[in-house]
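Peer 1: Please work out how this folds:
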Amino acid sequence: MKSLTDPGNDEIAMDGTVRLCRDLGVDEEDIVLLAIAYELKSPHMGKWTRKGWVSGMRSLGCDTSDSLRNALPRLRNKLASDPQYFVAVYNHTFTLIRTEGQRSLALDTAIAYWELLIPFGLSGGALKHVSSSLSSNANTCRDNNHCNDVDIDMADEESSGGGSGWDEKHTEWWFEFLREKGTKGVSKDTWQMLAEFIRTIDGRFEQHDATAAWPSTIDDFVDWVREKLRA
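Peer 2: This next block holds a predicted model:
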């Protein structure tokens, strides 16, 4: 860590993050950096504390940049395929990219990271369609950023009826809906619950339970899609 900090500074800042990416052989926009940020407890984008770095490296079994680089394929695969781990990293990302002092994300920022995270989770299986019965656990995972704290049954139980679930067009519809609505900011609640919604909604949005504890933005989106499908 010392080689990445500025003189007299005990934390890694943006310049050190650029050097870290170079040492790891990854682009600064590589999704695996979100997993590293989660593991090393980075509080904000481009910022790493000594405490988080030391404890995170120990948990990963790494003690050098080389050993951390060797762990990247494992972290990338886990992020793509493990639903619990994806949710933990996804939830941490909200805090990571939020402007300090703000409670919500700017819409453009949220969309930029959804464009990175949602296709990755869908293609790798972390956002694979499951029974909507799992939505009863949504409130549990909403306020927890660590996958060990999230008690969710992540069995690959396929939901019956209504198509195969969320796909690329639904992601585009989500962005279209938010822009059409004039959304300025994305709340933590909407950000975190979207992952659960993606995993449990059927392809034609027929099985959504509007009485459940979904954010109003998601309920409004369901109405918007149903109207779109009827048109």
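Peer 1: When you work out contacts or count neighbours from here on, use the C-alpha atoms and nothing else.
Peer 2: OK.
Peer 1: ranges for the helices of this protein?
Peer 2: For the chain, the helices defined by DSSP state H occupy 14-24, 32-39, 50-60, 65-81, 83-97, 107-124, 138-142, 168-181, 188-200, 216-230.
Peer 1: Now mean pLDDT too, for the ones you listed, in CSV please.
Peer 2: Listed next are the helices of the chain as CSV, based on pLDDT from 0 to 100:
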stretch, mean pLDDT
helix 14-24, 90
helix 32-39, 97
helix 50-60, 94
helix 65-81, 97
helix 83-97, 97
helix 107-124, 97
helix 138-142, 47
helix 168-181, 97
helix 188-200, 97
helix 216-230, 96
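Peer 1: can the ones you listed go into CSV with extra columns for distance to residue 206?
Peer 2: Listed next are the helices of the chain as CSV, based on distance: least, Cα to Cα, whole Å:
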stretch, distance to residue 206
helix 14-24, 44
helix 32-39, 33
helix 50-60, 42
helix 65-81, 27
helix 83-97, 23
helix 107-124, 20
helix 138-142, 19
helix 168-181, 14
helix 188-200, 11
helix 216-230, 8
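Peer 1: can you put those helices in TSV and add mean neighbour count?
Peer 2: Shown next, in TSV, are the helices of the chain (neighbours: other Cα atoms under 10 Å):
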stretch	mean neighbour count
helix 14-24	16
helix 32-39	22
helix 50-60	16
helix 65-81	17
helix 83-97	23
helix 107-124	17
helix 138-142	18
helix 168-181	14
helix 188-200	21
helix 216-230	14
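Peer 1: Among these, which comes closest to residue 131?
Peer 2: helix 188-200 (5.8 Å; Cα to Cα).
Peer 1: Take that closest one, keep the C-alpha atoms, and write them as PDB.
Peer 2: The C-alpha coordinates for helix 188-200 follow below in PDB (Å, rounded to 0.1, in the frame of the first residue of the first chain):
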ATOM      1  CA  LYS A 188     -30.600   4.200  -2.100                       C
ATOM      2  CA  ASP A 189     -33.800   2.300  -1.700                       C
ATOM      3  CA  THR A 190     -34.500   2.300  -5.400                       C
ATOM      4  CA  TRP A 191     -30.900   1.400  -6.300                       C
ATOM      5  CA  GLN A 192     -30.700  -1.600  -3.900                       C
ATOM      6  CA  MET A 193     -34.200  -3.000  -4.500                       C
ATOM      7  CA  LEU A 194     -33.800  -2.900  -8.300                       C
ATOM      8  CA  ALA A 195     -31.400  -5.900  -8.200                       C
ATOM      9  CA  GLU A 196     -34.100  -8.000  -6.300                       C
ATOM     10  CA  PHE A 197     -36.800  -6.700  -8.700                       C
ATOM     11  CA  ILE A 198     -34.700  -7.700 -11.800                       C
ATOM     12  CA  ARG A 199     -34.300 -11.200 -10.400                       C
ATOM     13  CA  THR A 200     -37.900 -11.800  -9.500                       C
END
